[in-house]
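Asks: Would you be able to build a 3D model of this:
(2 chains)
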Number of protein chains: 2
Amino acid sequence: MPAKPVPDIVVARLPLYLRALAAMRKSGKTFASSKEMAQWLGMSPAQIRKDLSYFGEFGKQGMGYAVDDLQARLRQILHLDREWPIVIIGAGRIGSAVAAYPGFADHGFRVCALFDNDPAKIGTCIAGLRVHDVRTLPEFVRAHGVRLAMLAVPAEAAQAVAELAVSAGISAILNYAPLNLALPDHVRVENIDPALHLQHMTYYLD
Amino acid sequence: MPAKPVPDIVVARLPLYLRALAAMRKSGKTFASSKEMAQWLGMSPAQIRKDLSYFGEFGKQGMGYAVDDLQARLRQILHLDREWPIVIIGAGRIGSAVAAYPGFADHGFRVCALFDNDPAKIGTCIAGLRVHDVRTLPEFVRAHGVRLAMLAVPAEAAQAVAELAVSAGISAILNYAPLNLALPDHVRVENIDPALHLQHMTYYLD
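Replies: Numbering: from 1, shown residues only, chains lettered A, B, ... in the order given. Alright, predicted model coming up:
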């Protein structure tokens, strides 16, 4: 455990480091310097060293980081040394596209079901996953000990569905609906909204 | 123009403030305090005041911010006081889902075409948009002065397609492919990868 609280912005970068390490490992490297990682990620080596220093000593002077060790340690820090079941709520375009994303398993996640309120979708399969009635969500979440949900329902339905999920035990939501969810403090929420990213980038265009 | 360079993390929050202001305006408010905005966004009022102070004086003591004025000013700062044409490269699941997202127009963006290399998709319409041959991308980008692209192609194709887009004049890419693009420094890239968000959240679960 880190001695001092780790800023959330540092935590947000750890998955990027994991991604860089996976790419390096794939290309046959067993050691990676902060410089190489920085180059791969388009950031500064000092930033990487500073971020990792929150979690103790990793690199050997002149050797860089042992790729396997640092990967294992980061996975442990991020609690990815286990498999996390996830539910996707909303089986529309976004929910279906996300369900078909092949990368989750590599990252420690297993999408185990989709939920929707549309009778035409309930009982069908999308990307090999069964679409369940959203009214059975609490039961499913409890039975399978699910704590993570991806929310891909229309904005006007999102708050109520999120509350239903949280009441059943969901404690982290990846929200694709374009609104800010108001949920208890213990619930982590991250938002994915392409418009926000685009608006961020246009600042730099003129 | 701000007197000192604005940290990117501050720029990234400005679209959130716009979103909060839009919600407040919709609910009939003409003035919004940093406290109200903070509550809506789940952040601290001091953070909002500090972020906005980079761009001059906005609020009136005791009155809060005039919603219309602050909206207009933020749109100007983010260069959203015009319409930005966008192309979507990749007409698969993600590209199609993004094309159908109804929120872009409200935020100053107009998706004008999709591109793919699949002959079965070229010439069809998705979400009312024509799918063009990706080989015609450079011509289209130049003819329409497009500077923004959303990239939703498989990881193995992403780098080459991104280079093609950049060579034609694209200078900001919202990348859905799960890899880091290596592009010239003047090109802005933001990545959308649900796995990264999930890995960030599991840090806080135990």
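Asks: For A:Gly123, give its distance to A:Phe140.
Replies: Applying Cβ to Cβ, to the nearest Å, the value for A:Gly123 to A:Phe140 is 14 Å. (Glycine included, C-beta is placed from N, CA and C.)
Asks: go on, A:Tyr204?
Replies: Distance, A:Tyr204 to A:Phe140, by Cβ to Cβ: 44 Å.
Asks: Which of the two has more residues huddled nearby?
Replies: Applying other Cβ atoms under 10 Å in any protein chain shown to A:Tyr204 and A:Phe140 shows that A:Phe140 carries more neighbours, namely 18 against 15.
Asks: In this structure A:Gly42 contacts B:Val187, no?
Replies: No. Counting by Cβ atoms under 8 Å, A:Gly42 does not reach B:Val187; the two are 10.5 Å apart.
Asks: So which of those two has more stuff around it?
Replies: Neighbour tally, A:Gly42 and B:Val187, criterion other Cβ under 10 Å: the higher count belongs to B:Val187, 17 against 13.
Asks: Was I right to think the more buried one contacts B:Asn175?
Replies: No. Using Cβ under 8 Å, B:Val187 is not in contact with B:Asn175; the gap is 10.7 Å.
Asks: per-domain residue ranges of chain A.
Replies: Using automatic domain parsing, the domains assigned to chain A come out as A:8-77, A:84-196.
Asks: Pull the distance from the first one to the chain's centre.
Replies: The gap between the average C-alpha position of domain A:8-77 and the chain average comes to 18 Å, counting by Cα atoms, centre = their mean, to the nearest Å.
Asks: same question, the longest one
Replies: Its chain's C-alpha centre and that of domain A:84-196 lie 13 Å apart, by Cα atoms, centre = their mean.
Asks: How far does that domain stretch from one end to the other?
Replies: Domain A:84-196 has an end-to-end distance of 28 Å (criterion: Cα to Cα, to the nearest Å).
Asks: Nearest residue to the residue nearest to the spatial centre of chain A in space, please, no chain neighbours.
Replies: Central residue of chain A (Cα atoms, centre = their mean): A:Leu174, 7.4 Å from the mean position. Distances taken as Cβ to Cβ, 6 or more residues apart in numbering or on different chains put A:Met150 closest to A:Leu174, at 4.6 Å, once the chain neighbours are dropped.
Asks: my guess is the one you found is in a helix, correct?
Replies: No. Under DSSP: H, G, I helix; E, B strand; the rest coil, A:Met150 falls outside any helix and is assigned strand.
Asks: Thought A:Val98 was touching it, still the case?
Replies: Yes. The criterion here is Cβ under 8 Å, and A:Met150 meets it with A:Val98 at 5.8 Å.
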